[in-house]
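[1] quick one, fold the following:
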Amino acid sequence: MTGEIQDTSRKLAVLAGLAMVAITAVQFVAARFSLRADLTATDIATLRFLGAGIVFVPIVWRTGFGKLKALGWRRALALALLVGLPYPMIINWGLTYAPATHAAALCPASIVFFSFLLSRVFFREQVSPFQAIAIAVLIAGLLFFISPNGNNETDSLFGDLVFVGSGIMFSAYAILVRRWAVDSTMATAAVALISCLPLPFIYLFVPNGLDSAPTAEILIQIVVQGFLAGAAAIFLYTYTVRQLGPQMASLFLPCVPIATAFTGMIVLGEHPTLPQFLAIAVMTAAMIVLALLHQRGERWKARPEEAKLAAYTSSFEGD
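    Next up is the predicted model:
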């Protein structure tokens, strides 16, 4: 009976991971669609945290403010500056120059690369030769994607560099969360609530397209960016991590560029070039290899010393 429950939980976790991928793909495409129409990068970021705030305020109110107080305002503000309001504004700014497929490919790839780099710097984590090769392949894919061979438009190149910059921000956020041992739900709630504070001032003093945009478009962005990307995707990914583990959950990340590429072709009519498709394939393969190698390393660390010794000595039994 326990095995059946575990199998059901794993299946639900896989579905949750796939739903998270779909939401992320739709998020990029929806943002790109509105940025080509009536809304600005600031508008979409505002609607994202308006929707997320509507979701998280009742949660924090019900669970209490104790954990938020324990986090502290300085740490909460630092996290909010990295992945709060500035983060989607920067990505949306990049989307005004480059297609959604670029964001979906470069954001996850740069997050993976800089996460490994910063972990090596701040936590002295060792990198195996295979991981080093995979990281080198990932860098090659990144450079190939933003090179003139993969992209002939200067504007798109600028947008690509913006996406890489957003990857640095998210990686720094992850490093701080790990260093401070922050609860993921409370960190997300703190980021969402702090990001809501400047929204009235942004609406009053920053030029926007909210007044001219159709009401339906605004409501769709609140749902997609706020309810789905800002809240539901976080819940789904957290559930996936709890059921499958962080390493297995990370395997869903490389699916984002592929899902966004096909969604962008259908909705926006944006077709990546053949070199860009090849670069996406290279980066996706590198991310999958890094996730699998990291998972294997974590399993090895978790094994008792006796089991490690037995595994080591058994390798010589056939000699």
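
[2] list the buried residues of the helix or strand hosting Ala109.
    Using DSSP states H and E, Ala109 sits in helix 100-123. Neighbour counts over helix 100-123 (16 or more other CB atoms under 10 Å) mark 100-116, 118-119 as buried. To be clear about C-beta, it is placed using only N, CA and C from the backbone, and glycine gets the same treatment.

[3] and the residue positioned nearest the centre of the chain, how close does it get to Thr215?
    Taking CA atoms, centre = their mean, the centroid of the chain lies closest to Pro108, which sits 6.0 Å from it. For Pro108, the distance to Thr215 equals 33 Å [CB to CB, to the nearest Å].

[4] cool, and Thr46?
    Distance, Thr46 to Thr215, by CB to CB: 15 Å.

[5] ok, the two, which is more surrounded?
    Thr46 (29 against 8; other CB atoms under 10 Å).

[6] ok, that one touching Leu199?
    Yes. Thr46 lies in contact with Leu199 (CB atoms under 8 Å); the separation is 5.5 Å.

[7] show me where pLDDT drops low in this structure?
    For the chain, residues meeting the criterion pLDDT under 70 lie at 1-6, 127, 148-155, 245-251, 291, 294-319.

[8] in it, which spans are strands?
    Per DSSP state E, the chain carries no strands over any range.

[9] can you tell me the closest non-neighbouring residue to Leu228?
    Nearest residue to Leu228, sequence neighbours excluded (CB to CB, 6 or more residues apart in numbering): Ile23, at 4.8 Å.

[10] was I right about that neighbour contacting Gly226?
    No. With contact defined as CB under 8 Å, Ile23 does not count as touching Gly226 (11.6 Å).

[11] against Thr273, how distant is the nearest residue to Glu125 once chain neighbours are set aside?
    Of all residues not flanking Glu125 in the chain, Ser119 sits nearest, at 4.6 Å (CB to CB, 6+ apart). According to CB to CB, Ser119 stands 33 Å off from Thr273.

[12] next one: Gly167
    Gly167 is 22 Å from Thr273, where distance means CB to CB.

[13] with neighbour numbers in mind, choose between these two.
    Neighbour count, other CB under 10 Å: between Gly167 and Thr273, Gly167 has more, with 21 against 12.

[14] show me the contacts for that one.
    Leu106, Cys107, Pro108, Ala109, Ser110, Ile111, Phe113, Phe114 (CB atoms under 8 Å, 6 or more residues apart in numbering).

[15] hang on, the fourth one packs against Leu142?
    It stands for Ala109. Yes. With contact taken as CB under 8 Å, Ala109 and Leu142 are classed as touching, separated by 5.7 Å.

[16] which neighbours do those two share?
    Met283.

[17] who are the contact partners of Met287?
    Counting by CB under 8 Å, 6+ apart, Met287 touches Pro108, Ala109, Val112, Leu138, Leu253, Pro254.

[18] sorry, slip of the keys, the one I care about is Leu77.
    By CB under 8 Å, 6+ apart, the contact set of Leu77 is Ile194.

[19] circling back: the contacts of Met287: which two are farthest apart?
    Greatest spacing in the contacts of Met287, by CB to CB: Leu138 and Leu253 (12.1 Å).

[20] can you give me phi and psi for Leu253?
    Backbone geometry at Leu253, expressed as degrees, to the nearest 10, gives phi -60, psi -40.

[21] distance of it relative to Arg74?
    Applying CB to CB, the value for Leu253 to Arg74 is 30 Å.

[22] neighbour count winner among the two?
    Set Leu253 next to Arg74 and count neighbours by other CB under 10 Å: Leu253 wins out with 23 against 8.
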